[in-house]
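1. Let me see the structure of the following:
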Amino acid sequence: MIWFAFLKILSESLLSFYPAMVKYVKFPIINQLWSRLVVYCIVALFFLDWANLGKLLFSWIGLILAVVNVFHIYTSYIGFNYLESGVSYSLFYTYPIFILIFSGLWFQMFYLLPLIGVGFLTYSNWKDSVNLGRSKKKFAFGILGIIGAMLSEVGLYFIVKKIGGGKDMSKWNVLFVAYLLPAIILTAILGKKALPPKENVQGSEKGNKEWTKNLVIMIVGNAVIGALGYYLRFYTIDKMSVSLYSGLSYFGIVMAYVYGWTINKEKVGWYSIIGSILVIIGGLLVGKN
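-> Numbering: from 1, shown residues only. Presented below is the predicted three-dimensional model:
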């Protein structure tokens, strides 16, 4: 049990690297989106159940899955880019409440905890934005982005639940279908612009090194997170109780703060800490229901 708990913590630590990575890599969001779509498709190819791929790939539910998924990734990247890493990740992790709401559990007292936490987190990021002279418009876009990512995550939950799973539907098939069509369409739209031109980076030799470093981080980061992070998340689902699994999922919030602080030099204030704790407690209560 301890080993599986460690693997679950490792998976959340990998996946929570995204907020810091999106902000750190100096490429436009559309290029980062393209990279993730393509890399995830390549990774999933090694794990596909080819015999059962066609029935999902050429279905209406598969098309809806792909549309909602690309919207989810794009809006989450906007939120990650314009908000602090820990704050954006904490706000995102209120989505289990909305899963319960859309499942018919309209109101419970424990909903108030994460909602109050959202207030603390929003105020914390707003205060930092004002103090640092950041654009209020970008702050608003960041909040809207996380809301879009949160609601689309709820949509993905119900879509994947509708698709089903078990022995006749590999989770990697679902992942592949969710990414394939957007990857093809975005590649056709961007063409040679899929990789940003080097002149976007200041300087000649130094700029080329910076461009190469960003490219490597973007591709390797997606490959490692996609291959290892999601595999471990899938692998540990049936290796522990639901309450322990859902509880360990919130370890990612802690790591998002750590990554933001170490990589992007983001400050962590008391409002952010209190807000995140309230979201985590609320999330654990959601897990029990």
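2. Run a quick neighbour tally on residue 59.
-> Around residue 59 there are 13 other residues, counting by other C-beta atoms under 10 Å. No exception for glycine: its C-beta is placed from N, CA and C like everyone else's.
3. Residue 14 too?
-> 22.
4. Name the nearest residue to it, sequence neighbours excluded.
-> Nearest-residue entry for residue 14: residue 229, 3.6 Å, with adjacent residues in sequence omitted and distances by C-beta to C-beta, 6 or more residues apart in numbering.
5. Could you list which residues are in contact with the one you found?
-> Contact partners of residue 229, counting by C-beta atoms under 8 Å, 6 or more residues apart in numbering, are 11, 14, 15.
6. Surely the first one is in contact with residue 239?
-> It refers to residue 11. No: the criterion here is C-beta atoms under 8 Å, and residue 11 misses it with residue 239 at 11.5 Å.
7. who's more crowded, these two?
-> Taking other C-beta under 10 Å, residue 11 and residue 239 do not tie; residue 11 has more neighbours (24 against 14).
8. Leaving out the residues flanking it, which one is nearest to residue 282?
-> Leaving out its chain neighbours, the residue that sits closest to residue 282 by C-beta to C-beta, 6+ apart is residue 114, at 3.2 Å.
9. any chance you could map the helices in the stretch 101-250 of the chain?
-> Counting by DSSP state H, counting those that start in this stretch, the stretch 101-250 of the chain has helices at residues 112-131, 136-163, 171-190, 205-224, 230-236, 242-249.
10. of all those helices, which lies closest to residue 28?
-> Nearest to residue 28, of all those, is helix 171-190, at 10.2 Å by C-beta to C-beta.
11. circling back to that earlier point, quickly name whichever of the contacts of residue 229 is closest to residue 273.
-> Comparing the contacts of residue 229 against residue 273 with C-beta to C-beta places residue 15 closest, at 21.0 Å.
12. can you pull the pLDDT of that closest one?
-> Listed pLDDT for residue 15 reads 87.
13. quick one: it and residue 228 touch, right?
-> No: contact criterion C-beta under 8 Å: residue 15 and residue 228 do not qualify, at 9.7 Å.
14. So between the two, which is more surrounded?
-> Set residue 15 next to residue 228 and count neighbours by other C-beta under 10 Å: residue 15 wins out with 20 against 16.
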